[in-house]
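S.K.: below are the sequence and a predicted model; questions follow.
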2 protein chains.
Amino acid sequence: MAKKSYRTVNGGVVAARGFRCAAASCGVKTRPGALDVGMIVSDAPAVAAAMFTTNRFQAASVVLNRERIKERVSQGIVVNAGNANACTGRRGMADARRMTALAAELTGVSEKAFLNASTGIIGRPMPMKKIEAGIRSAAEGLGSTAKHGDDFSKAIMTTDTVAKTVAVEFMAGKSRVRIGGSTKGAGMIAPNMATMLCFLTTDAAISKPMLRKALQETVRLTFNCITVDGDCSTNDTIAVLANGAAGNPKIARRDASWNAFRDALLYVTAQLARLIVLDGEGASRFVEVMVTGARTDEDAGLVARKIANSPLVKCAINGGDPNWGRIVCAAGYAGAVVKPERTRLWINGVKLFEGGMPTRVAPSRLAACMKPKEIFIHLDLGIGKGEKRIWTCDFSREYVAINADYHT
Amino acid sequence: MAKKSYRTVNGGVVAARGFRCAAASCGVKTRPGALDVGMIVSDAPAVAAAMFTTNRFQAASVVLNRERIKERVSQGIVVNAGNANACTGRRGMADARRMTALAAELTGVSEKAFLNASTGIIGRPMPMKKIEAGIRSAAEGLGSTAKHGDDFSKAIMTTDTVAKTVAVEFMAGKSRVRIGGSTKGAGMIAPNMATMLCFLTTDAAISKPMLRKALQETVRLTFNCITVDGDCSTNDTIAVLANGAAGNPKIARRDASWNAFRDALLYVTAQLARLIVLDGEGASRFVEVMVTGARTDEDAGLVARKIANSPLVKCAINGGDPNWGRIVCAAGYAGAVVKPERTRLWINGVKLFEGGMPTRVAPSRLAACMKPKEIFIHLDLGIGKGEKRIWTCDFSREYVAINADYHT
């Protein structure tokens, strides 16, 4: 990453100029008064980019957004939490359209310029009467204070324990540009909840193709590097709106402004992705798995994901056990080229494995390396130049409790 | 499977004629008096077949056995539990050889006719003084009573909670033939324990190539269909010795005797594989995942394994929740061709999902389908003829406890 050229600011999805947002409670979440409908609107037509789940089972909102994102301009996003509108058939598609039609009508925006997202229980018809009331209430409350941004963050939560939002400011030439975002995640498909949503706004003037490129590049390095339990949901959506209100010369190629924009977006998405991992269901530790020296980046990815998703490794980390055996074993069955005698492993800087055997480490250093709440696992395969970094969390009794005690 | 032509008998690995076995306690397992060395010897030279872990980190015994299994004849197996002799470098290889050399010397068998296996903690040098004493003690105690068979089963246990053994008898022409076996497994790489071992003996007269074929065919349908947590260890070994003592005309091609032999071996390996799953760490339920209608068998396998290894699915089963959403979601990101509208799902015979949506099932039937201790999940993808069956167990708080509280 280049020299840091941005600073954090408040406001989340309304930190950028020319955006308003709102949240409302419509009674889909069971806790009385819980915010469960959210809306973001740009004052002026904007360009949008988005990425979606690769799951073959796709929520109605994902199917709709894949069409809507092709439009030349976008101007708003309407979201609900508590019901994922997934596995809901034709009626679900009609409900998703109805949400955007109503939001568009109330805000004076073209229907096709509205995106839609849902998160919550899957396989249940949407309680549209409640949701329509929520959308009406949200439309009346649109604003751009920090409280508006915070409330929007709350409205998209499901099993999340904290609202997740971040925003930054940077200079693009002589123009002050902002990027802000809110995300929700917790467990992947937490108690039947459809997972990861992320909404980003920016007042940068940027072309639609460059916005898409920036989103793809940063998501590859951030959201696509996280895993809580390896599951991937029906509703995963990351969307960004850019309305040009900052007045910067439009970013349309890989120049200095694009670099600054991309760096700032990388910071925002990285922070939001880390917040999701830290709020993983039952998680007590943040874990970075870095694999280097692999034959290819793909091999590194196979090994890093196998380690990050191994229940045995995740349980060991939960218990504070520097269990090198489970880590090298996971590497050994990842399907990548691995040569035991060339493999080296460090946990938080302490070398635990080399030359096909564990190293001799004083018991006190061994215990100390697992003390921190952040665990950095570095496995070097000693074969090539392939690299991959994955962020995850540990596996706890609480994870099982949350996911076993929930009932469909 | 053809008409059942076998019946179960006692004796485990010494049910077949011409085999003796023994167990001894040498103090590698910490519990005083715990059996931790085992030995099987055929009175006459036998033929052997074996299959090993695909993990790139392979224990010394696996490296040695890969050579030994090429020998024309085999006659014995020597095993220890408590130390896996994995990630132990050159010294580990020398220790594995020493085990077979000593066992061979004491039993009057050629060293190269002895196979070796170890299971237990990885990365620690073998306490050879203790193990050699154990081998001497076992050699003195060889015999062929049911007690000998039971003791051998106990000697190979690690985190297993019950000894696992089964034997059958069937007719090959006019000859009475027996096949018996012992296995150990529990969690995959349970607290740093190297996993799955299975030893089979038979008095069938059978050619080495046909024995290998029978083992490969039955393991594909049994041991390769089980998963506890998706992890695969450094030491996994399945070996079979056939000494011809039954006096049947030698099985050398796919005739009626071969069919009877293969059916009996399939029963024995299936029973042993099921016993491993039922004894999975913290397991409270046996789960069969059957995927049909896939584009190919490979696609069916991807989907079945993704479902069987999904922590969310396994937690739901632990909690008795008929969570169709987690199952279809897991199918959706398995990387196979899946069409939501063609997908149908049954749990214990109750159809829960069809046409892209959950079915309407009375709450009482929904609850009832998760009552049994055996859960049969049947997912039909409605696309082709690919099929795969996987056996697994649920995920419990106890699983996390066992694997988090263990310390390296």
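M.R.: On my side now, so go ahead.

S.K.: do the helix or strand where residue A:327 lies and chain B meet at all?
M.R.: Residue A:327 belongs to helix A:324-332 when assigned by DSSP states H and E. Yes - applying C-beta under 8 Å from any C-beta of the partner chain, one finds helix A:324-332 touching chain B at A:324, A:325, A:326, A:328, A:329, A:330, A:331, A:332. In this view, the C-beta of every residue, glycine as well, is placed from N, C-alpha and C.

S.K.: ok, the third one touching residue A:317?
M.R.: Just to be clear, that refers to residue A:326. No - with contact defined as C-beta atoms under 8 Å, residue A:326 does not reach residue A:317; the gap is 9.5 Å.

S.K.: hmm, residue A:167 is touching residue A:7, no?
M.R.: No - at 10.0 Å, residue A:167 does not count as touching residue A:7 under the criterion of C-beta under 8 Å.

S.K.: out of those two, which sits in the busier spot?
M.R.: Shown here are residue A:167 and residue A:7; by other C-beta atoms under 10 Å in any protein chain shown, residue A:167 has more neighbours (28 against 10).

S.K.: any idea how far chain B is from that one?
M.R.: Using C-beta to the nearest C-beta, to the nearest Å, we find residue A:167 at a distance of 31 Å from chain B.

S.K.: OK, contacts around that residue?
M.R.: A:8-13, A:15-16, A:149, A:178-181, A:268 (C-beta atoms under 8 Å, 6 or more residues apart in numbering or on different chains).

S.K.: local confidence estimate at residue A:147?
M.R.: Note for residue A:147: predicted pLDDT of 97.

S.K.: contact partners of the strand or helix carrying it?
M.R.: Using DSSP H and E, residue A:147 sits in helix A:146-155. The contact list for helix A:146-155, computed with C-beta under 8 Å, 6+ apart, reads A:10-15, A:20-24, A:35-40, A:79, A:81, A:141-142, A:163-165, A:167, A:180, A:182, A:184, A:199.

S.K.: distance from the chain centre to stretch A:234-243, please.
M.R.: In this view, stretch A:234-243 has its centroid 10 Å away from the chain centroid, taken as C-alpha atoms, centre = their mean, to the nearest Å.

S.K.: my bad, should have said stretch A:380-400
M.R.: For stretch A:380-400, the distance to the chain centre is 17 Å (C-alpha atoms, centre = their mean).

S.K.: show me where the stretch 301-408 of chain A has strands.
M.R.: Shown for the stretch 301-408 of chain A, the strands assigned by DSSP state E, counting those that start in this stretch span residues A:344-347, A:350-354, A:357-358, A:374-380, A:386-393.

S.K.: as CSV, those strands with distance to chain B, mean pLDDT and mean neighbour count would be great.
M.R.: Rendered in CSV, the data for these read as follows (distance: least, C-beta to the nearest C-beta, whole Å; pLDDT from 0 to 100; neighbours: other C-beta atoms under 10 Å in any protein chain shown):
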stretch, distance to chain B, mean pLDDT, mean neighbour count
strand A:344-347, 11, 97, 20
strand A:350-354, 8, 96, 19
strand A:357-358, 4, 92, 21
strand A:374-380, 12, 96, 19
strand A:386-393, 12, 92, 23
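
S.K.: reformat those strands as CSV; add distance to residue B:305.
M.R.: Output for those, formatted as CSV (distance: least, C-beta to C-beta, whole Å):
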stretch, distance to residue B:305
strand A:344-347, 27
strand A:350-354, 28
strand A:357-358, 30
strand A:374-380, 24
strand A:386-393, 20
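
S.K.: quick one: the residues of helix A:324-332 next to chain B as a markdown table, columns for neighbour count too.
M.R.: Formatted as a markdown table, these follow (neighbours: other C-beta atoms under 10 Å in any protein chain shown):
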| residue | neighbour count |
| --- | --- |
| A:324 | 27 |
| A:325 | 31 |
| A:326 | 27 |
| A:328 | 28 |
| A:329 | 32 |
| A:330 | 27 |
| A:331 | 27 |
| A:332 | 24 |
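
S.K.: and residue A:108, what pLDDT?
M.R.: 97.

S.K.: remind me, longest helix of chain A?
M.R.: Longest helix in chain A, counting residues (DSSP state H): helix A:256-278.

S.K.: do the helix or strand just after that one and chain B meet?
M.R.: Downstream of helix A:256-278, the next assigned helix or strand under DSSP H and E is strand A:286-294. No - Strand A:286-294 stays clear of chain B (C-beta under 8 Å from any C-beta), getting no nearer than 12.5 Å.

S.K.: for strand A:286-294, give the mean pLDDT please.
M.R.: 95.

S.K.: just checking, what packs against it?
M.R.: Secondary-structure packing of strand A:286-294 (3 or more C-beta pairs under 8 Å, 6 or more residues apart in numbering or on different chains; DSSP states H and E): helix A:256-278, helix A:297-309, strand A:374-380, strand A:386-393.

S.K.: want to try JSON lines for those, with distance to residue A:291 as columns?
M.R.: As requested, the helices and strands packed on strand A:286-294 are arranged in JSON lines below (distance: least, C-beta to C-beta, whole Å):
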{"stretch": "helix A:256-278", "distance to residue A:291": "17"}
{"stretch": "helix A:297-309", "distance to residue A:291": "4"}
{"stretch": "strand A:374-380", "distance to residue A:291": "5"}
{"stretch": "strand A:386-393", "distance to residue A:291": "5"}
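
S.K.: mind listing what's buried in the longest helix of chain A?
M.R.: A:257-258, A:260-278 (16 or more other C-beta atoms under 10 Å in any protein chain shown).

S.K.: ok, and of those residues, which contact chain B?
M.R.: Among the buried residues of helix A:256-278, chain B is touched by none when using C-beta under 8 Å from any C-beta.

S.K.: remind me which residues of chain A are low pLDDT?
M.R.: Counting by pLDDT under 70, chain A contains low-confidence residues at A:1-3, A:186-194, A:227-232, A:403-408.

S.K.: kindly recompute the last result at 80.
M.R.: By pLDDT under 80, the weakly predicted segments of chain A are A:1-4, A:186-195, A:227-233, A:280-282, A:397-408.

S.K.: my guess is residue A:291 contacts residue A:305. True?
M.R.: No - if you go by C-beta under 8 Å, residue A:291 and residue A:305 don't touch, sitting 9.2 Å apart.

S.K.: identify the contacts common to those two.
M.R.: With C-beta under 8 Å, 6+ apart, residue A:291 and residue A:305 have common neighbours residue A:388.

S.K.: between those two, which has more neighbouring residues?
M.R.: residue A:291 (29 against 20).

S.K.: okay, now the spatially closest residue to residue A:236 that is not a sequence neighbour: neighbour count?
M.R.: Leaving out its chain neighbours, the residue that sits closest to residue A:236 by C-beta to C-beta, 6 or more residues apart in numbering or on different chains is residue A:53, at 3.7 Å. Residue A:53 has 23 neighbours, counted by other C-beta under 10 Å.

S.K.: contacts only, for residue A:53.
M.R.: A:59, A:62, A:232, A:233, A:234, A:235, A:236, A:237, B:333.

S.K.: tell me what the helix or strand in which residue A:198 is found is packed against?
M.R.: Using DSSP H and E, residue A:198 falls within strand A:197-202. When contacts are defined as 3+ C-beta pairs under 8 Å, 6+ apart, strand A:197-202 packs onto strand A:37-52, strand A:74-83, strand A:114-121, strand A:175-184, strand A:237-242, helix A:256-278.

S.K.: and after it, which helix or strand comes next?
M.R.: helix A:208-221.

S.K.: quick check: residue A:119 vs residue A:195, distance?
M.R.: 7 Å (C-beta to C-beta, to the nearest Å).

S.K.: what sits in contact with each of the two?
M.R.: The overlap between the contact sets of residue A:119 and residue A:195 (C-beta under 8 Å, 6+ apart) consists of residue A:235.

S.K.: who has more neighbours, those two?
M.R.: Using other C-beta under 10 Å, the more surrounded residue of residue A:119 and residue A:195 is residue A:119, with 33 against 27.

S.K.: so in terms of bridging, what pairs with that one?
M.R.: With beta bridges defined as DSSP bridges, residue A:119 has these partners: residue A:81, residue A:83.

S.K.: helix, strand, or coil at residue A:168?
M.R.: Here residue A:168 is recorded as strand under DSSP: H, G, I helix; E, B strand; the rest coil.
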